[in-house]
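Novice: Just a sequence and a predicted model for now, questions to come.
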Amino acid sequence: MNSQECWVGDHGEWGVGLAIAAIVVYAFGVPFFTWLSLYRARKGMWDKKHAQHVGIARRYGNLFQQYEPKYWYWECIEMVRKLLLTGGMVLAADGKCSFRLDDTCWWYFFFKKTFTVPTMKTHPFIRACLEFNFIGECNDE
């Protein structure tokens with residue numbers, strides 16, 4: 001009976017290729033298609049007179065309601081930030097279920113500052129809202 005060693009030869013090439021493709025699709029595809037969905041719905045997000053306002057608020061409200069109208073896309077930036085932070089922690093791991101502190105700290109502080117500065121300059125968040133009603137309007141007025 002023939003057997004093949006795992007991750008060697010064709011098995012390794014296919015496995016690595018598939019893994020890289022899945023990472024690329026997930027890392028870039030989810031934020032891109034989220035942005036695309038929000039882009040298509042942006043006119044009805046804040047306009048209560050828009051025919052599809054209620055449906056858009058119900059469907060996409062968690063993705064845009066906490067941001068100022070001109071920053072409707074900010075959740076996509078948050079997705080990329082979280083992906084880079086968690087991906088960096090994984091890459092900083094040395095393969096023994098432990099982290100090299102110097103690499104982990106460098107990665108964390110670099111990306112924390114990279115995303116904190118634009119957030120502080122743009123102020124994309126509306127305000128703290130304790131409760132949203134069913135169509136996505138803040139109830140704490």
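Specialist: Yep, that arrived.
Novice: Could you give the separation of whichever strand or helix holds residue 115 from the chain centroid?
Specialist: Using DSSP states H and E, residue 115 maps to helix 101-122. Relative to its chain's centre, helix 101-122 lies at 16 Å (CA atoms, centre = their mean, to the nearest Å).
Novice: and that helix, what does it pack onto?
Specialist: Applying 3 or more CB pairs under 8 Å, 6 or more residues apart in numbering; DSSP states H and E, we find helix 101-122 packed against helix 74-92. (Glycine included, C-beta is placed from N, CA and C.)
Novice: how big is the angle separating the helix it packs on from helix 101-122?
Specialist: Angle between the axes of helix 74-92 and helix 101-122 is 170 degrees (criterion: axes from the mean of the first three to the mean of the last three CA atoms, to 10 degrees).
Novice: quick one: buried residues of helix 74-92?
Specialist: Using 16 or more other CB atoms under 10 Å as the test for burial, helix 74-92 gives 74, 75, 76, 77, 78, 79, 81, 83, 84, 85, 88, 92.
Novice: Would you check that the fourth one makes contact with residue 116?
Specialist: The one in question is residue 77. No - counting by CB atoms under 8 Å, residue 116 is not a contact partner of residue 77; they are 11.8 Å apart.
Novice: Show me whatever sits in contact with both of the two.
Specialist: The contact sets of residue 77 and residue 116 do not overlap (CB atoms under 8 Å, 6 or more residues apart in numbering).
Novice: three-state assignment of residue 33?
Specialist: Three-state assignment for residue 33 (DSSP: H, G, I helix; E, B strand; the rest coil): helix.
Novice: Please tell me how far it sits from residue 108.
Specialist: Per CB to CB, to the nearest Å, residue 33 is found 28 Å from residue 108.
Novice: Neighbour count for those two, which is higher?
Specialist: Per other CB atoms under 10 Å, whichever of residue 33 and residue 108 has more neighbours is residue 108, with 14 against 11.
Novice: And the pLDDT for that one?
Specialist: pLDDT, residue 108: 73.
Novice: What's the separation between it and residue 23?
Specialist: From residue 108 over to residue 23 the distance is 20 Å, taken as CB to CB.
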